[in-house]
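In: I would like to see how this sequence folds:
(one chain, ligands or ions: 1)
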Amino acid sequence: MVFYHFCSNRTRSIFVWRKTVFIRIPFNNTMAFHLISGGCGFVGRNFVKRLYRTTEDTIIFVDDLSVGTHPSTWLDTSMPSTKNKDMEIIGEDGRLLFLKADFRDVLREMLKDDRFFQNTYGLEFDKFGDIFHFAAIVGGRAKIDGDPMVVALDLAIDAEFFLMVVRHKPARVMYPSSSAAYPVDLQTDQDAIALSESDINFKKMGQPDMTYGWSKLTGEYLAQIAAEYYGVSVTCIRPFSGYGEDQDLTYPVPAIAARAANMENPFEVWGSGKQGRDFVHIDDVMDCTLLAMDHIHDGSAINIGSGKLTSFLDLIKVFTGFAGYNPEIKPLLDKPVGVHSRYCNMDFVKEKLGWEPKISVEEGMYRVYKAALENQAK
Ligand SMILES: NC(=O)c1ccc[n+]([C@@H]2O[C@H](COP(=O)([O-])OP(=O)(O)OC[C@H]3O[C@@H](n4cnc5c(N)ncnc54)[C@H](O)[C@@H]3O)[C@@H](O)[C@H]2O)c1
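Out: All right, here's what the predicted structure looks like:
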């Protein structure tokens with residue numbers, strides 16, 4: 001049980017009932033409150049951990065756990081946890097506040113009551129600092145091609161999200177678009193190019209990748225409207241194929257790593273395996289995103305990728321090389337593969353932000369391979 005106590009000298013205390021005593025956790029009321037939707041998914045939980053580690057701010061994160069997993073599975077297990085109504089308060093300092101909910105329900109509450117979090121949970125802050133919106137139906141290629149109408153629900157989540165944003169006017173908003181927003185005709189076997197930010201032009205649209213890409217394009221458009229018409233600072237990012245040690249096994253990088261760790265032979269690959277992507281480590285995605293938020297406020301979008309095209313066959317070679325064997329490749333030609341080649345041009349980001357990825361594909365993949373070996377040993 002948690003009681004928030006607000007003192008006149010603008011320091012705030014949380015009283016947490018732990019075992020038999022109330023403990024007092026003082027903290028400065030001037031510290032910011034941030035909101036992260038989809039905070040238990042792959043990208044969201046990495047941001048929750050990063051902000052917790054690098055700031056002294058309070059982070060409210062919301063996830064319906066439809067895909068993401070409960071914070072007890074990815075936060076330090078020694079962190080104490082207690083409850084304030086349906087909100088879990090995590091950490092000795094009470095700076096991580098987790099709400100298991102459909103974000104659309106939360107958005108509707110926030111639209112009904114512009115002090116919903118303050119009035120419902122006794123939190124004291126004026127406006128949100130940063131809002132990161134990761135709640136989305138994603139699901140990888142199987143879902144993007146296999147159930148596109150479910151993925152189209154992202155249009156609904158994003159529309160309600162941006163309505164909340166323009167009403168609440170937080171300090172800054174981060175909207176993750178995707179490389180899937182780029183026109184698919186620039187990613188074919190014959191005509192693939194390194195995709196530049198200017199290859200998306202709202203005055204001359206190309207066809208994005210399924211409903212997933214369409215929802216991201218719409219999200220970017222709403223981001224620009226929020227900035228231009230309502231004066232909200234919004235940054236959009238287009239991550240290419242983000243990966244990391246703790247990514248779900250439905251994604252290719254950790255799945256291939258796990259199968260290499262198991263010495264799979266023959267080694268299955270979706271399609272011919274010649275299709276390629278631009279793999280970028282989650283730590284680089286976060287570094288670039290946070291930097292971009294300091295510089296981009298008009299809702300425009302930047303690429304986040306390595307700028308290199310790596311085929312799935314190359315990826316298998318890297319992982320089986322780590323494992324020390326050379327398997328026979330078994331193409332699964334009935335599986336969905338998406339566009340042939342998707343990779344980016346990072347020149348604009350280098351010029352505008354002076355940023356380049358730090359983690360090479362080899363280093364990042366080795367980290368994932370080590371994690372796969374550790375998981376195998378559990
Ligand atoms: N991972 C990447 O490489 C990548 C690349 C480009 C864009 N993005 C974007 O970043 C965002 C996060 O992607 P991710 O890879 O972490 O996906 P993810 O599926 O791991 O995370 C999404 C999270 O949102 C939650 N969620 C879904 N619907 C919800 C709802 N209605 N209410 C509350 N929670 C809900 C899920 O439980 C999940 O935890 C998405 O918008 C995605 O399109 C990711």
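In: please name the residues that touch the nearest residue to Lys335 once chain neighbours are set aside.
Out: Spatial nearest neighbour of Lys335, excluding adjacent residues (Cβ to Cβ, 6 or more residues apart in numbering): Trp270 at 3.8 Å. The C-beta positions use only the backbone N, C-alpha and C, and glycine is treated the same way. Counting by Cβ atoms under 8 Å, 6 or more residues apart in numbering, Trp270 touches 141, 252, 312, 332, 335-337.
In: so where's the stretch 151-300 of the chain uncertain?
Out: The stretch 151-300 of the chain contains no residues with pLDDT under 70.
In: show me where it has strands.
Out: 172-176, 194-195, 234-239, 241-243, 267-270, 276-277, 279-281, 298-304 (DSSP state E, counting those that start in this stretch).
In: a markdown table for those strands, including distance to the ligand?
Out: Shown next, in a markdown table, are these (distance: least, Cβ to the nearest ligand atom, whole Å):
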| stretch | distance to the ligand |
| --- | --- |
| strand 172-176 | 4 |
| strand 194-195 | 13 |
| strand 234-239 | 4 |
| strand 241-243 | 3 |
| strand 267-270 | 17 |
| strand 276-277 | 10 |
| strand 279-281 | 8 |
| strand 298-304 | 8 |
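In: tell me which of the ones you listed sits nearest to Val368.
Out: strand 241-243 (6.5 Å; Cβ to Cβ).
In: the closest one pairs with which strands, and in what direction?
Out: strand 279-281 (parallel) (DSSP bridges).
In: just how off-centre is the partner strand within its chain?
Out: Averaging C-alpha positions (Cα atoms, centre = their mean, to the nearest Å) puts strand 279-281 13 Å from its chain's average.
In: I'd like the strands of the stretch 151-300 of the chain as CSV, with distance to Val151 appended.
Out: Shown next, in CSV, are those (distance: least, Cβ to Cβ, whole Å):
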stretch, distance to Val151
strand 172-176, 15
strand 194-195, 21
strand 234-239, 17
strand 241-243, 17
strand 267-270, 18
strand 276-277, 18
strand 279-281, 22
strand 298-304, 19
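In: buried subset of the contacts of Trp270, written for ChimeraX?
Out: Restricted to buried positions by 16 or more other Cβ atoms under 10 Å, the ChimeraX selection for the contacts of Trp270 reads:
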select :141,252,312,337
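In: of the strands of the stretch 151-300 of the chain, which approaches Asp64 most closely?
Out: strand 172-176 (17.4 Å).
In: okay, now the residue nearest to Pro336 when sequence neighbours are not counted: neighbour count?
Out: Spatial nearest neighbour of Pro336, excluding adjacent residues (Cβ to Cβ, 6+ apart): Asp145 at 4.0 Å. For Asp145, the neighbour count with other Cβ atoms under 10 Å is 17.
In: go ahead and confirm Asp145 touches Asp334.
Out: No. Judged on Cβ atoms under 8 Å, Asp145 makes no contact with Asp334 at a distance of 11.9 Å.
In: between these two, which contacts overlap?
Out: Joint contacts of Asp145 and Asp334 (Cβ under 8 Å, 6+ apart) do not exist.
In: list just the one of the strands of the stretch 151-300 of the chain that sits closest to Thr73.
Out: So among the strands of the stretch 151-300 of the chain, strand 241-243 is nearest, using Cβ to Cβ, at 19.0 Å.
In: how about residues contacting that closest one?
Out: Everything outside strand 241-243 that qualifies as a contact, by Cβ under 8 Å, 6+ apart, is 42-43, 179, 251-254, 277-282, 285, 304-305, 342, 364, 368.
In: got it, and stretch 208-223?
Out: 136, 138, 144-145, 148-149, 151-152, 154-155, 158-159, 162, 173, 175, 177-178, 180-184, 200, 202, 205, 234, 236, 238, 299, 301, 338-339.
In: close to the ligand, is that stretch?
Out: No. Counting by Cβ under 6 Å from any ligand atom, the ligand is not contacted by stretch 208-223; separation bottoms out at 6.6 Å.
In: tell me how far that stretch is from the chain's mean position?
Out: Stretch 208-223 has its C-alpha centroid displaced from the chain centroid by 16 Å (Cα atoms, centre = their mean).
In: and stretch 294-309, by the same measure?
Out: Remark: stretch 294-309 is offset 14 Å from the chain centroid, using Cα atoms, centre = their mean.
In: next one: stretch 175-185
Out: 15 Å.
In: for it, C-alpha coordinates in CSV please.
Out: The C-alpha trace of stretch 175-185 is given here as CSV (Å, rounded to 0.1, in the frame of the first residue of the first chain):
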residue,chain,number,x,y,z
TYR,A,175,6.4,8.4,-32.0
PRO,A,176,8.1,5.2,-33.5
SER,A,177,7.2,4.9,-37.1
SER,A,178,9.0,2.2,-39.0
SER,A,179,11.0,1.4,-42.1
ALA,A,180,7.8,-0.4,-43.2
ALA,A,181,6.4,3.1,-44.0
TYR,A,182,8.7,3.4,-47.1
PRO,A,183,7.3,2.6,-50.6
VAL,A,184,7.7,-1.1,-51.3
ASP,A,185,8.7,-0.4,-54.9
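In: give me the contacts around it.
Out: Contacts for stretch 175-185 (Cβ under 8 Å, 6+ apart): 43, 132-134, 136, 144, 158, 191, 195, 199-200, 205-210, 212-213, 216-217, 219-220, 223, 234-241, 278, 299, 301, 303, 305, 339, 342, 344.
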